[in-house]
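**Student:** 3D model of this:
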Amino acid sequence: MERMTPLHPKPKLVATDVDGTLIDDAEKVSARTKAVVTALVADGATFVLATGRPPRWIDPVVSELGYAPLAVCGNGAVVYDSAGDRVLASHALDVETLAWLAELAERALPGCGLAAERVGASAHDAATPQFVSSPTYEHAWLNPDDTVVSHAEVIDSPAIKMLIRLSTARSSQMRAALAPLIGDRAEITYSTENGLIELAVPGVTKASGLAEVAELVGVAESGIVAFGDMPNDVPMLTMAGHGVAMGNAHPEALAAADEVTGRNVDDGVAMVLERWWG
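**Tutor:** The predicted structure is shown next:
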């Protein structure tokens, strides 16, 4: 499926979501996609990962690509240099806000579990327990590096995002219930409909993180092409000079995009990038 638009000028920066976008359902980067990423980097364009993943989950993508790019992690809360394993910037919810959000979530979504994502100076900062969850938190996907702590300990340190999990609900329903109560005290989004929403510092989105990277490398927003598939990609698809939704994308991402390409399992990212680096 492809909704064609007039050819956008050759981008100076290409940003792509990871899960459901760059990688296939086996978490692999196809040879076709790897080749076009290699070509764009060789041509002097900047390639950026923009993901809900934390920095410590970037290594497998780097291995698949054979290239270590800058990465916008945690839905915009962290700018990470994967080549140097350095956190260049981070934005964290303070303890007072985390406590308020936790009380609100537990009142509005009875039975939910809470977790917090933290970040240190690098992706593998052993001094910082990077993911902590309450005993009632049910993972939406495999998370082998979880540290289960008391409810109080989940919210006792600043966090780049709070995760709220209610396996019996849809994420969109959870957002609808919480958003009017939270107002402008936190950013709320989700990357799966499987009963998981994520809260961050107000104004922190993939768009804000990508804007930080664009300023760092000296590229205007008009020179960005961005790819994504879920509601957490919508701000980035909107801010980029050309936003591309995957054929497998959520309706909100489809509506926000300038163009719809093929599915992640059909090399949808490569289909677009080959216009300039084919």
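**Student:** which stretches of the protein form helices?
**Tutor:** 31-42, 59-65, 95-108, 151-154, 171-182, 206-217, 234-239, 251-256, 268-277 (DSSP state H).
**Student:** now the last one against helix 31-42, angle please.
**Tutor:** Okay, so that is helix 268-277. Per axes from the mean of the first three to the mean of the last three CA atoms, to 10 degrees, the angle that helix 268-277 makes with helix 31-42 is 40 degrees.
**Student:** now the fifth one
**Tutor:** Interaxial angle of helix 171-182 relative to helix 31-42 (the same axes, to 10 degrees): 40 degrees.
**Student:** Give me the residues contacting helix 171-182.
**Tutor:** Identification of contacts with helix 171-182 by CB atoms under 8 Å, 6 or more residues apart in numbering yields 101, 104-105, 108-109, 164, 166, 188-190, 192-197, 199, 231. C-beta: built from backbone N, CA, C; applies to glycine.
**Student:** what residues does the lowest-mean-pLDDT helix or strand in the chain touch?
**Tutor:** Taking mean pLDDT, DSSP states H and E as the measure, the helix or strand of the chain with the lowest value is strand 147-148, at a mean of 92. Outside strand 147-148, the residues within contact range by CB under 8 Å, 6+ apart are Pro129, Phe131, Val132, Ser133, Ser134, Pro135, Tyr137.
**Student:** in its sheet, what does it sit against?
**Tutor:** Here strand 147-148 is paired, per DSSP bridges, with strand 131-133 (parallel).
**Student:** State the mean pLDDT of the strand it pairs with.
**Tutor:** Mean pLDDT, strand 131-133: 94.
**Student:** Could you do stretch 39-57 as well?
**Tutor:** 97.
**Student:** starting at the chain centroid, how far to it?
**Tutor:** In terms of CA atoms, centre = their mean, to the nearest Å, the centre of stretch 39-57 is found 12 Å from the chain centre.
**Student:** Span of that stretch from start to end?
**Tutor:** 24 Å (CA to CA, to the nearest Å).
**Student:** What of stretch 52-63?
**Tutor:** With CA to CA as the measure, the first residue of stretch 52-63 is 18 Å from its last.
**Student:** Need the residues that contact it.
**Tutor:** Residues from elsewhere that reach stretch 52-63 (CB under 8 Å, 6+ apart): 18-19, 22-23, 27, 29, 49, 51, 68-69, 71, 73-75, 78, 80, 82, 87, 117, 119, 122-124, 130-131, 145, 160, 191, 198, 232.
**Student:** Can you say which of those residues are buried?
**Tutor:** Among those, those classed as buried by neighbour count (16 or more other CB atoms under 10 Å) are 18-19, 22-23, 29, 49, 51, 68-69, 71, 73-75, 78, 80, 82, 87, 117, 119, 122-123, 130-131, 160, 191, 198, 232.
**Student:** Can you report how many residues lie near the residue nearest to Glu106 when sequence neighbours are not counted?
**Tutor:** Nearest residue to Glu106, sequence neighbours excluded (CB to CB, 6 or more residues apart in numbering): Cys112, at 6.3 Å. Counted with other CB atoms under 10 Å, the neighbours of Cys112 add up to 26.
**Student:** How about the contacts made by Cys112?
**Tutor:** By CB under 8 Å, 6+ apart, the contact list for Cys112 reads Ala105, Glu106, Thr136, Ile164, Arg165, Leu166.
**Student:** shaky segments in the stretch 101-250 of the chain?
**Tutor:** 144 (pLDDT under 70).
**Student:** Identify the residues contacting the closest residue to Ala77 other than its chain neighbours.
**Tutor:** Nearest non-adjacent residue to Ala77, counting by CB to CB, 6+ apart: Ile160, 3.8 Å away. Contacts for Ile160 were tallied using CB under 8 Å, 6+ apart; they are Pro54, Gly74, Ala77, Val78, Ser90, His91, Ala92, Leu93, Glu117, Arg118, Val119, Ala200.
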